[in-house]
Structure formats: C-alpha cells, structure tokens
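**Student:** mind folding the following:
(one chain, ligands or ions: 1)
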Amino acid sequence: MALRNSQYDTILRTYYSRQLEHKHEKDKRVNEVYEHVPAIAEIDKSIASMSVSQAKKLLSGDTDALATLKSDIACMADKRAKLLRENGYPSDYLDMKYDCPDCKDTGYIGSKKCHCFMQAAIDLLYTQSNLKEVLAFENFKNFSYDWYPNDRIDEATGLTSYDNMHTNVMPACLDFLNTFDTMHGNLLFFGDTGVGKTFLSHCIANELIKKAYSVIYLTSIELFDTFAKYEFNRDPEVKAEDMYEHILNCDLLIIDDLGTEMNNSFTNSKLFYCINERIVNKKSTIISTNLSFQELIERYSERIFSRLTSSYTMLKMYGDDIRIKKKTV
Ligand SMILES: [Zn+2]
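**Tutor:** Numbers count the residues shown, from 1 in each chain. The predicted model follows:
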C-alpha cells in the first residue's frame, strides 16, 4: 500500500508541528535558565558573536584564526555546561530534544526516509493505533509461566505445557529478538485457541517497536483483504512490490490467525508471494495459527509448506485457555 500525496502531507505536517513544539519547549527552558543564571545568557551571546567571526574567517581562509576561535568556543561551551550543572541543571538541559534523534524529527536522514517515517506511514495506512493500546498490556512484563499447567503433557514430546514454554517457546522468542538484526528469523506459533500465541506475538512486537523497528500486525483476513483490494483495482503501470511496499518490507510482519481466511488459489498465491518476498528481503515474519501441523499441510500448497518448514521456527503451544487466567492475575 503506497502513501497518497495527502497522506504524505499529513505525516510531514506532524513532523513540522513536532519540531515547532520541541523548539517552543527549548525556548522556554532557555528563558528559565537565563533568568536564574544571567552568566549563561552572556556566554551564549559571546558564543553567537564568535560563531559569526568564525564563519567570516572560514570564508577568508584564515585557518590559524579559525583554529583559535574553535578552541575558544569549545572552552566557552565547557564553561556553560559547568555553570548549568552548578545551578542544578543537566548539562544538556538547553539542547533541542527530539522524538527521533536519528532524523531530528524531519522524517529523513539525507535523502532517505527515516525508520520513524516508515512506522508513521504504517500507522496511518494500517490503522495500527489500537495495537499500541494492546501493547500496553500484552508485553513480557505481564507474561506469566503460571498460565501454563504442569499437568498437561504433550504425547509427542512428553513435555508439560509449562516445560514447553520454559524450554522451547520462550527461549526461541528471546533468541528471535536477540538475533533480530543478524539472523532475520521467522516464527510460527501453532496450537489451540487461547494458549497465548497472539499474546507472545504482541510481546515481541512491543520489544521491537521500542527499538524503533517498523512492525505491521494484521489478521490473516486483513492481510488478504489488503491484497484483494489493491489487486482487483490495480493500475497495470504500478508494480506489485510498490503497492505492498510496507507489507513486504517492514521489519516485522505479524500474520495472526492464519487459516481463518477463505482458502482459494488467490490466498494461496498471495501467501506464498508474501512469505517468499519477505524471506528474500531478509525481513522477519511471525505467523500464528490454530491449525495443526497436519491441517497446515492439507490447507496450503506444498511450496508454502516447504518455505514454512525451511525458514520458520515452528513452535507448538498447548495448555489451558490463558485468557481466563489472565483475568484473575
Ligand atoms: Zn526519525
């Protein structure tokens, strides 16, 4: 899904107002400090006039004078930081603050869009706003092993539901997070309804969003609706990769509840396209499904299944319905 011009403008306006807001806050801090510590105002005046001389020397090519000025300015800046600390302020108190220090709230690093622009576009296009509310509750801090009973044993592995979470599922999730940049791993959670597959996907999403990765969360029905909407109104001039830029290139795509969509040749081919492109692009995907391993084989084409088994860590989850237990903790 590409951004329309008006949507692009909306995002840029947000950046602009954020810059203004931060500038306003900085001015307020400056006035406050000047009032309490007039010596700092004097230093700032001197630094400003020295900077003007520095620019003039630079133009005239007077390198010796330039070096002296540079060290004078550095000396003044040290003095200013010391004065701030002595008066109880942090030494960066008068610096501009940014929501995104990487692009200084411009949305761009050079001519390239910043990662925060990508997430802003995703939030706008995929109405992810409710995801943020969900993540406030569904995160590792609120996860509990107590939801997984010790008396539910998987026949195939002999592991209790608790041991399975402890020795298989959670280590795989942490490994996925720790090697996110280098291994570009993929996870597939499968198991009964309510055993915490979506919850764990949310926990992982939360950790990555905190580190400024772009994340899209879609149920499988929403994913295929998006493909259908654009595929059937498609402009033949536009390449498919451009239409699905974010779905194919966001750092993490979560496809929740795979198997609840209509199963036909369209969904099968789009699922393969999506999974395969993301593997090729070295972008991670998390899929959760209530389908069993056998049902996955029966429902999806062999080439999809082979991609899943070769590139995904398959994690079976079982136990009681944690949604009931969560309410009681
Ligand atoms: Zn940024």
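**Student:** can you find the helix or strand in this structure with the smallest mean pLDDT?
**Tutor:** In the chain, no helix or strand scores lower on mean pLDDT, DSSP states H and E than helix 240-243, which sits at a mean of 65.
**Student:** and the next helix or strand after it, what's buried?
**Tutor:** Next helix or strand after helix 240-243 toward the C-terminus (DSSP states H and E): helix 245-249. Buried residues in helix 245-249, defined by neighbour count with 16 or more other Cβ atoms under 10 Å: 245, 246, 247, 248, 249. From N, CA and C alone the C-beta is placed, and that goes for glycine too.
**Student:** how about the second one, what does it touch?
**Tutor:** Residues counted as contacts of residue 246 (Cβ atoms under 8 Å, 6 or more residues apart in numbering) are 1, 118, 121, 122, 125, 126, 214, 216.
**Student:** the ion: which of those is nearest?
**Tutor:** Nearest to the ion among these, counting by Cβ to the ion, is residue 118 at 9.1 Å.
**Student:** give me the nearest residue to that closest one, chain neighbours excluded.
**Tutor:** Nearest non-adjacent residue to residue 118, counting by Cβ to Cβ, 6 or more residues apart in numbering: residue 214, 4.4 Å away.
**Student:** what's the helix ranked longest in the chain packed up against?
**Tutor:** The residue-count maximum for a helix in the chain (DSSP state H) belongs to helix 5-36. Packing partners of helix 5-36 (3 or more Cβ pairs under 8 Å, 6 or more residues apart in numbering; DSSP states H and E): helix 38-60, helix 115-125.
**Student:** what's the spacing between the first one and its chain's center?
**Tutor:** Between the centre of helix 38-60 and the centre of its chain there are 41 Å (Cα atoms, centre = their mean, to the nearest Å).
**Student:** do the same with stretch 277-292
**Tutor:** From the chain centre to the centre of stretch 277-292 is a distance of 16 Å (Cα atoms, centre = their mean).
**Student:** quickly list the domain ranges of this protein.
**Tutor:** According to automatic domain parsing, the chain comprises the domains 5-99, 126-328.
**Student:** can you tell me which of those domains is most buried?
**Tutor:** Mean neighbour count, computed with mean count of other Cβ atoms under 10 Å, is highest for domain 126-328 among the domains of the chain, reaching a mean of 17.
**Student:** phi first, then psi, for the spatially closest residue to residue 252 that is not a sequence neighbour.
**Tutor:** Sequence neighbours aside, residue 215 is the residue nearest to residue 252 in space, at 4.6 Å (criterion: Cβ to Cβ, 6+ apart). Per-residue torsions, residue 215: phi -130, psi 130 (degrees, to the nearest 10).
**Student:** please tell me how far the residue of the stretch 201-329 of the chain found nearest the ion sits from residue 120.
**Tutor:** As assessed by Cβ to the ion, the ion sits closest to residue 212 within the stretch 201-329 of the chain, at 7.8 Å. Distance, residue 212 to residue 120, using Cβ to Cβ, to the nearest Å: 12 Å.
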